[in-house]
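*Asks:* Build me a model:
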Amino acid sequence: MITDEKFVNTIKLIALKNAIEFDNKIKLDVVISKAFSFSRFLDSGSGNIKNYIPEIKTIVSELETLSFDDKKNLYSKLLSKENDYLRENDRDSPKREQSHKGKYIDKDKKKSTLREPLIKEHLLDFQLPDLDDAVMGNVITRFPPEPNGYPHIGHAKAAVIDEEYAKKYNGKLILRYDDTNPLKEKIEYYDAIKAGLDWLGVKPQLIKNTSDDIEKLYEYARKLIQSNFAYVCSCAPEVIKKNRIKSITCDCVSNSIKDNLKFFNEMVKGNNRSGSSNDVKFNGAARSAILRYRGNMSSLNTAMRDPTLFRIIRDGDHPKVGSKYSLWPTYDFAAPIEDSLDGVTHAMRTKEYELRNELYYSILDNLGLPKPRLIEFSRLEFEGIPVSKRKITPLIEQGIIQRWDDPRLPTLMGLRRRGILPEAIRKFVMSLSITLSETKPSIEILESFNRKLLDPISPRLFFVKNPVRLCIESLDVKAVEIKNHPTVDMGRRKVPIENIIYISNDDAIRIKTGDTLRLMDLCNIEILSIEIAEGERIGGNSTDCIIHASNKGDEMNHKIPKIQWVSESDKVEYNVLKPLPLYNGDIYNENNLVTDKGYAESFVSTLPLGSQFQFVRYGFCKVDDKSTAIFTHK
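*Replies:* Numbering: from 1, shown residues only. Sure thing, here's the model as predicted:
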């Protein structure tokens, strides 16, 4: 049971906040995924959140019985207690004021906001659980991607975990391209995988291809045949599939060892590409053939029902070895042998392979080869942002999404273009640790790590969406100097000023005559009147509205709202692309990319391509071209 009061309260805060934001409904998967980041506060210190999922479910079920008002009251009570802890332990955060209601007021924000009720990530010591049978200096891990597509966040999780374990034990990481299907693999994918790892900072000590060892794999296939652990099957594919479902053996299992060796050698000779499809000549007759493992056709584990070990693929050249080979091993055969030959001590792979562990070890036992220890973990994808090629590839092929670096995609190229830093991905992966839980972590967790890294390196600029004109009387300044960052010395910029400025439509629709506002880093104003052109209204995309205001001086007053602005003499038209989830469940979301149009300070036009910055009260962005940025996150 969870006995640590702070962790229990944190779980409650996550769940209650979720209920408040989602119409009184608590999403269990979101609660569990966010809890990953705080697992060190468990009473056991194990950091393995999956052991506590039942207790988390109990906490959530108890909270679900509360009314919406009760949930809000309990949230406020727990939040107050949490804020007491943060005030004592969060000394390096930006300056904040505490109001009489126990909220925190960000000095860069117009209105008070609830402080995130979770322990900051920099207070956590993310540690992967120890490996069984690990010897310091002798641990070897491997990252074995198939070069059949661009690497995504799921690949990042596997690669980072593999490398971190190798580092933890002063061992070695191998990058091995699992390239045994020439129909799907391309040189551009090899290059993209390596580029993605370079960006992540993952540095393997050895890089190789499974295709380098084809001749070795042929020899191990012959050893299996000679020991009667494999046989050549010439049954039609539909017959093989039907027999495996019904646990029926075929006549091919009666082939003699001598005939199986002969048939397999014929398959190897088929590398000269004579004939077609899977046809190989046996006793003068052309027949379709595969090499199958002699497992157990009646096994409840379907992976053991005489799976395919080798098949003939004649269509298309292999990107590395061309037309030299047409007999290719399956992953089930190549993976255990390659792992063993490479000296891998601990082989991490996703949970989907769990049923194939029996086959993995059986093949190595039959060949008398050393056996690595297998470790499974869950796949990584975000809600609404699938990593499945089944969902992503059609979008590219149909031209719905033009490029693999589109910021809506979970590819590493897409995340990079969006403004996610590789260090944030590494911290995020480490916070999840090793778990078999199928929950999809919230992308907000990744964003929180990224925000922490971006905050001290991002200049602060102004942007007004759907701008509305504002005329200030008695504004006697011609220019103003603004700090590029509130707490870090990034210099200053000089902004020319006229009595005409622009504010965001989102702010304009909230103000009324008589209101007092502060234009950030400029002055305080009082709203005198609001003129709206006939047929127009505040709330559209028009600037045919003029708000008149008077200058009320520069005295700081934290009680009045603060808003950003852009000067008439310093404005540039600017667009921000906001990527949204690609899918709602299994349904493609047509509205997955929004463009916010408005005015920005001209300073943004001087930033080099790829620069990252923050539009105040809007969010972090990354320069995509001279007049466009991509929204990273709040």
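*Asks:* so what secondary structure elements neighbour the one helix or strand residue 480 maps to?
*Replies:* Element membership for residue 480, per DSSP states H and E: strand 479-483. Here strand 479-483 touches strand 492-496, going by 3 or more Cβ pairs under 8 Å, 6 or more residues apart in numbering; DSSP states H and E. For glycine as for every other residue, the C-beta is placed from the backbone atoms N, C-alpha and C.
*Asks:* distance of the residue nearest the centre of the chain from residue 61?
*Replies:* With distances taken as Cα atoms, centre = their mean, residue 153 lies nearest the centre of the chain, 4.0 Å away. Noted for residue 153: a distance of 31 Å to residue 61, by Cβ to Cβ, to the nearest Å.
*Asks:* Need the contact partners of the strand holding residue 480.
*Replies:* 460, 490, 492, 493, 494, 495, 496, 497, 521, 522 (Cβ atoms under 8 Å, 6 or more residues apart in numbering).
*Asks:* mind redoing it with 10 Å?
*Replies:* Here strand 479-483 makes contact (Cβ atoms under 10 Å, 6 or more residues apart in numbering) with 459-462, 489-497, 519-523, 554, 567, 569-570, 601, 603.
*Asks:* now do stretch 240-249
*Replies:* Outside stretch 240-249, the residues touching it (Cβ under 10 Å, 6+ apart) are 233-236, 239, 250, 252, 290, 292, 294, 296-300, 302, 305-308.
*Asks:* hmm, which of these are the buried ones?
*Replies:* If you count burial by 16 or more other Cβ atoms under 10 Å, the buried members of these come out as 233-235, 250, 252, 290, 292, 294, 297, 305-308.
*Asks:* In JSON lines, list the residues you listed along with distance to residue 267 and secondary structure.
*Replies:* Shown next, in JSON lines, are those (distance: Cβ to Cβ, whole Å; DSSP: H, G, I helix; E, B strand; the rest coil):
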{"residue": "233", "distance to residue 267": "11", "secondary structure": "strand"}
{"residue": "234", "distance to residue 267": "10", "secondary structure": "coil"}
{"residue": "235", "distance to residue 267": "15", "secondary structure": "coil"}
{"residue": "250", "distance to residue 267": "17", "secondary structure": "coil"}
{"residue": "252", "distance to residue 267": "13", "secondary structure": "helix"}
{"residue": "290", "distance to residue 267": "8", "secondary structure": "strand"}
{"residue": "292", "distance to residue 267": "12", "secondary structure": "strand"}
{"residue": "294", "distance to residue 267": "17", "secondary structure": "coil"}
{"residue": "297", "distance to residue 267": "22", "secondary structure": "coil"}
{"residue": "305", "distance to residue 267": "21", "secondary structure": "coil"}
{"residue": "306", "distance to residue 267": "17", "secondary structure": "coil"}
{"residue": "307", "distance to residue 267": "17", "secondary structure": "coil"}
{"residue": "308", "distance to residue 267": "12", "secondary structure": "strand"}
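*Asks:* Find the residue ranges of this structure scoring beneath the pLDDT cut-off.
*Replies:* Applying pLDDT under 70 to the chain picks out residues 1-4, 21-23, 33-34, 36-51, 80-126, 271-287, 436-439, 533-544.
*Asks:* okay, now the domains of it?
*Replies:* 5-123, 140-210+332-377, 214-329, 389-457, 459-634 (automatic domain parsing).
*Asks:* And these: which comes nearest residue 130?
*Replies:* domain 140-210+332-377 (8.4 Å; Cβ to Cβ).
*Asks:* State the helix or strand in which residue 575 lies.
*Replies:* Here residue 575 sits within strand 571-579, counting by DSSP H and E.
*Asks:* Would you give the sheet partners of the next helix or strand after that strand, along with the direction of each?
*Replies:* Note on strand 571-579: by DSSP H and E, the next helix or strand toward the C-terminus is strand 583-584. Using DSSP bridges, strand 583-584 pairs in its sheet with strand 587-588 (antiparallel).
*Asks:* sorry, back to before: save the domains of the chain as CSV, and put in distance to residue 129 too.
*Replies:* As requested, the domains of the chain are exported to CSV (distance: least, Cβ to Cβ, whole Å):
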stretch, distance to residue 129
domain 5-123, 6
domain 140-210+332-377, 10
domain 214-329, 27
domain 389-457, 6
domain 459-634, 30
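*Asks:* Which one, of these, ends up nearest to residue 133?
*Replies:* Closest approach to residue 133 among the domains of the chain (Cβ to Cβ): domain 140-210+332-377, 6.1 Å.
*Asks:* ok, back up a step: once you drop chain neighbours, what's closest to the residue nearest to the centre of the chain?
*Replies:* residue 410 (4.6 Å; Cβ to Cβ, 6 or more residues apart in numbering).
*Asks:* so the one you found touches residue 383, yeah?
*Replies:* No. Assessed by Cβ atoms under 10 Å, residue 410 is found out of contact with residue 383, at 11.2 Å.
*Asks:* Spit out the residues that contact these two alike.
*Replies:* residue 443.
*Asks:* Neighbour count for those two, which is higher?
*Replies:* Each of residue 410 and residue 383 has its neighbours counted (other Cβ atoms under 10 Å); residue 410 has more, 23 against 18.
*Asks:* For residue 163, state which of the buried ones among the contacts of stretch 240-249 is nearest.
*Replies:* Using Cβ to Cβ, those come closest to residue 163 at residue 307, 30.6 Å.
*Asks:* Let me know whether the closest one touches residue 356 as I believe.
*Replies:* Yes. Residue 307 lies in contact with residue 356 (Cβ under 10 Å); the separation is 8.5 Å.
*Asks:* Can you check which residues contact both of the two?
*Replies:* Common neighbours of residue 307 and residue 356 (Cβ under 10 Å, 6+ apart) are residue 332.
*Asks:* Can you list the strands that the helix or strand encompassing residue 517 pairs with?
*Replies:* Using DSSP H and E, the element containing residue 517 is strand 516-519. Sheet pairing here is set by DSSP bridges, and for strand 516-519 it gives strand 523-532 (antiparallel), strand 562-563 (parallel).
*Asks:* so can I have TSV of the ones you listed showing distance to residue 484 and mean neighbour count?
*Replies:* Below are those laid out as TSV (distance: least, Cβ to Cβ, whole Å; neighbours: other Cβ atoms under 10 Å):
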stretch	distance to residue 484	mean neighbour count
strand 523-532	20	17
strand 562-563	18	22
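*Asks:* Including distance to residue 342, could those go into a markdown table?
*Replies:* Formatted as a markdown table, the strands paired with strand 516-519 follow (distance: least, Cβ to Cβ, whole Å):
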| stretch | distance to residue 342 |
| --- | --- |
| strand 523-532 | 68 |
| strand 562-563 | 59 |
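*Asks:* out of those, nearest to residue 454?
*Replies:* In terms of Cβ to Cβ, the element of the strands paired with strand 516-519 nearest to residue 454 is strand 562-563, at 21.5 Å.
*Asks:* I'd like the next helix or strand past that closest one.
*Replies:* Heading C-terminal from strand 562-563 (DSSP H and E), you reach strand 566-567.
*Asks:* which residues sit against that following strand?
*Replies:* So strand 566-567 is contacted by 461-464, 467, 479-480, 495-504, 522, 572, 574, 598-602 (Cβ under 10 Å, 6+ apart).
*Asks:* And those residues, which of them are buried?
*Replies:* Buried among the contacts of strand 566-567 (16+ other Cβ under 10 Å): 461-464, 467, 480, 495, 497, 499, 501-504, 522, 574, 598-602.
*Asks:* Residue 225 touches residue 291, doesn't it?
*Replies:* Yes. Contact criterion Cβ under 10 Å: residue 225 and residue 291 qualify, at 7.8 Å.
*Asks:* rewinding a little: do you know how far the residue nearest to the centre of the chain is from residue 522?
*Replies:* From residue 153 to residue 522 the distance is 41 Å (Cβ to Cβ).
*Asks:* and if you look at residue 75?
*Replies:* Distance of residue 75 to residue 522, given as Cβ to Cβ: 37 Å.
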